[in-house]
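Peer 1: below are the sequence and a predicted model; questions follow.
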Amino acid sequence: MRETTSLRGAGRCTAALLVLLAACSGGGDSGSGPPPPPAVTVAKAPVSGNAQTGTVGQALASPIRVLVTRDGLPEVGTTVTWSAPGTGASVAPPSGVTDAAGLAATSWTLPQAAGAKTATAAVAGAGGSPVSFTATALPGPATQLALESGNGQTGEVSTVLAIPLKVRAADQFGNGVAGIVISWLATGGGGSVAPPTSTTDASGATTVWTLGATLGAQSAQGTAAGLAGSPVAFAATAVPPPPFTVDVSVTNNAFTPSAITIAAGTRVRWTWGATGAIPHSVESTGTGLPGSPTFTSSTTMTGAGAVYTFTFLAPGTYTYDCAVHLGLMTGTVIVN
């Protein structure tokens with residue numbers, strides 16, 4: 001009787017254990033948890049060659065490297081594919097397999113344009129792929145000098161030109177090079193430059209050109225020893241200053257002021273006021289005889305803002321009126 005009871009207890013324990021195991025196994029659940037991580041992963045190697053600085057068109061000093069692992073252990077013989085965009089950029093070799101330590105490396109030649117650059121390493125099906133590397137490409141040595149801006153301007157004699165003269169030093173690929181000393185010189189027309197020397201940044205170097213007193217063509221240059229294109233020549237045209245101007249107002253009743261006294265070479269500017277649709281003109285009334293000189297008359301004009309100018313070069317007393325209102329609107333210009 002005791003034996004039978006013992007067997008029954010053992011059966012109950014066995015059944016309970018089977019139920020517990022079934023519950024732990026998921027009880028037929030198809031599985032909704034996250035998938036396991038990839039067995040193979042790729043990442044930058046401990047000594048990766050990332051974030052180097054080099055010269056455009058040149059290979060970086062150190063190779064770039066990745067480490068490939070499987071479940072945390074080095075993976076041997078896995079193919080790594082490298083790429084580097086940009087004109088002139090390359091990787092050598094473009095692909096390779098990992099060694100016994102799970103490492104693969106390539107030599108990265110930077111592109112021809114300066115600035116921030118990237119390269120990548122890819123492993124098919126691996127976690128962390130692709131891996132990105134960065135580098136900074138610096139300009140190469142300066143080889144050439146070129147005109148950047150400020151050529152072909154026109155300005156008044158003995159005045160500063162509006163746009164500074166600017167040249168740019170560049171390497172063999174056209175990247176701007178800083179630190180090049182430029183010597184400036186006004187070579188024709190009697191002008192001057194300030195400062196006489198300046199140093200380039202990546203965009204170039206400038207100076208300010210003050211024209212000389214000579215009318216017509218003037219010249220200047222910027223020079224950097226040993227660079228192709230040096231010296232860079234600049235040309236400008238010097239013109240006389242505008243004449244001093246005296247204003248006279250034209251209204252429906254009068255020229256105001258009606259009489260002015262000016263120096264020879266002065267310009268007189270007649271400006272129509274609120275005359276509406278009533279026409280007016282500036283008509284010379286001189287006879288051309290001695291003591292009664294003439295000047296060029298205007299056309300008949302209407303409307304506020306109409307303008308007529310004349311520069312009086314010869315001394316004398318010039319009289320005028322309005323051709324539409326003879327005798328009602330008169331004026332005198334005395335030129336000393």
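Peer 2: Thanks, I have it.

Peer 1: what does stretch 151-161 contact?
Peer 2: With contact meaning C-beta atoms under 8 Å, 6 or more residues apart in numbering, stretch 151-161 is reached by 150, 162-163, 165, 208-215, 234-241. C-beta: built from backbone N, CA, C; applies to glycine.

Peer 1: can you rerun that using 10 Å?
Peer 2: Residues outside stretch 151-161 that contact it (C-beta atoms under 10 Å, 6 or more residues apart in numbering) are 150, 162-163, 165-166, 189-192, 194, 208-216, 218, 220, 232-242.

Peer 1: among the residues you listed, which ones are buried?
Peer 2: 150, 165-166, 189, 191-192, 209-212, 218, 220, 232, 234, 236, 238 (16 or more other C-beta atoms under 10 Å).

Peer 1: among these, which ones are in helices?
Peer 2: Members of the buried ones among the contacts of stretch 151-161 lying in helices (criterion: DSSP state H): none.

Peer 1: going by distance to Gly57, which of these wins?
Peer 2: Among the buried ones among the contacts of stretch 151-161, Val232 lies closest to Gly57 (C-beta to C-beta), at 25.0 Å.

Peer 1: from Ile262, how far off is the closest one?
Peer 2: 45 Å (C-beta to C-beta, to the nearest Å).

Peer 1: and for Trp184?
Peer 2: Going from Trp184 to Ile262 by C-beta to C-beta gives 41 Å.

Peer 1: between the two, which has more neighbouring residues?
Peer 2: For Trp184 and Ile262, the more surrounded residue by other C-beta atoms under 10 Å is Trp184, and the numbers stand at 25 against 18.

Peer 1: model confidence at the more buried one, what's the number?
Peer 2: Trp184 carries a pLDDT score of 98 in this model.

Peer 1: then Ala122?
Peer 2: Confidence score, pLDDT, at Ala122: 98.

Peer 1: surely it is in contact with Trp82?
Peer 2: Yes: with contact defined as C-beta atoms under 10 Å, Ala122 reaches Trp82; the gap is 7.9 Å.

Peer 1: which non-adjacent residue is nearest the most centrally placed residue in the chain?
Peer 2: In the chain, the residue lying closest to the centroid (C-alpha atoms, centre = their mean) is Ser203, at 8.6 Å. Nearest residue to Ser203 in three dimensions, chain neighbours excluded: Gly176, at 5.9 Å (C-beta to C-beta, 6 or more residues apart in numbering).

Peer 1: now do Gly54
Peer 2: Gly54 sits nearest to Leu60 (C-beta to C-beta, 6+ apart), 4.6 Å away.

Peer 1: which residues touch the one you found?
Peer 2: So Leu60 contacts 49, 52-54, 107-110, 117, 119, 133, 135, 137 (C-beta under 10 Å, 6+ apart).

Peer 1: with Ala104 instead?
Peer 2: Applying C-beta under 10 Å, 6+ apart, the residues contacting Ala104 are 42, 45, 63-68, 78-82, 93, 95-98, 121, 123.

Peer 1: buried ones only from those, please, as a PyMOL command.
Peer 2: Applying 16+ other C-beta under 10 Å to the contacts of Ala104, the buried members can be selected in PyMOL as follows:
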select buried, resi 42+45+63+64+65+66+67+68+78+80+81+82+96+98+121+123
